[in-house]
Each structure stands twice: as C-alpha cells, then as structure tokens.
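1. structural data only, the sequence is not supplied:
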C-alpha cells in the first residue's frame with residue numbers, strides 16, 4: 001500500500017497517494033504512517049492538518065520510524081504539534 005502511494009506521489013497524483021498512505025497507515029505500516037504524516041504536514045493531496053500529521057508521525061515513531069520521530073520533534077520545536085499534544089492529553 002505504501003509503495004502504491006509512493007508511485008502516485010512520484011507522478012504528482014497526491015490525492016491518490018494519500019488514499020494509499022491512509023490505507024497502509026490504518027493497517028499499521030510505519031512507512032505509510034510516516035508518508036501520510038508528511039502529506040498532512042505539507043498539504044499535498046489533502047488540506048494541511050498539523051495535529052493529524054503529528055499524530056501519524058507519533059504512531060510511526062513509537063514503532064521505531066526514525067524519520068517520523070525527527071519530523072515530530074521538528075513540529076514540536078516549531079510549536080506546530082502543540083494542538084495534537086493538547087488534544088491527546090485532553091482525551092486521557
């Protein structure tokens with residue numbers, strides 16, 4: 001699923017890429033979680049959504065995806081992941 005998303009991304013078919021990344025992310029594939037986070041972070045194929053991007057980066061980072069951990073850290077550094085953290089903690 002992630003590979004299909006990457007093919008669509010390379011072809012600049014970002015909406016199709018997001019569809020495949022979403023399927024892969026929901027199936028628990030860390031690379032798809034990361035790529036979905038990137039799409040949401042950058043607003044490619046979908047409206048930008050920093051809290052959702054941070055959540056997918058977090059999920060991928062929790063299972064060892066280093067680039068996802070780096071991007072999440074970068075979002076926190078810039079203050080762009082604060083809403084995601086507030087939302088997560090308010091649901092506990």
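-> Ah, there it is. All of these numbers come straight from a predicted model, not from anything done at the bench. Numbers count the residues shown, from 1 in each chain.

2. host element of the closest residue in space to residue 24 that isn't next to it in sequence?
-> Counting by Cβ to Cβ, 6 or more residues apart in numbering, residue 24 lies nearest to residue 32, which is 2.7 Å off, once chain neighbours are set aside. To be clear about C-beta, it is placed using only N, CA and C from the backbone, and glycine gets the same treatment. Per DSSP states H and E, residue 32 falls inside helix 30-42.

3. now swap in residue 76 and tell me
-> Here residue 76 is assigned to helix 66-78, by DSSP H and E.

4. from the middle of its chain, how far away would the helix holding residue 32 be?
-> The chain centroid and the centroid of helix 30-42 are separated by 3 Å under Cα atoms, centre = their mean, to the nearest Å.

5. what do you get for stretch 69-85?
-> Chain-centre distance of stretch 69-85: 12 Å, with Cα atoms, centre = their mean.

6. tell me the buried residues in it?
-> 69, 71-72, 75, 80-81, 84 (16 or more other Cβ atoms under 10 Å).

7. mind picking the two most distant members of those?
-> Based on Cβ to Cβ, the longest span within the buried residues of stretch 69-85 runs between 69 and 80 and measures 15.3 Å.

8. do I have it right that residue 21 meets residue 5?
-> Yes: using Cβ atoms under 8 Å, residue 21 makes contact with residue 5 at a distance of 4.2 Å.
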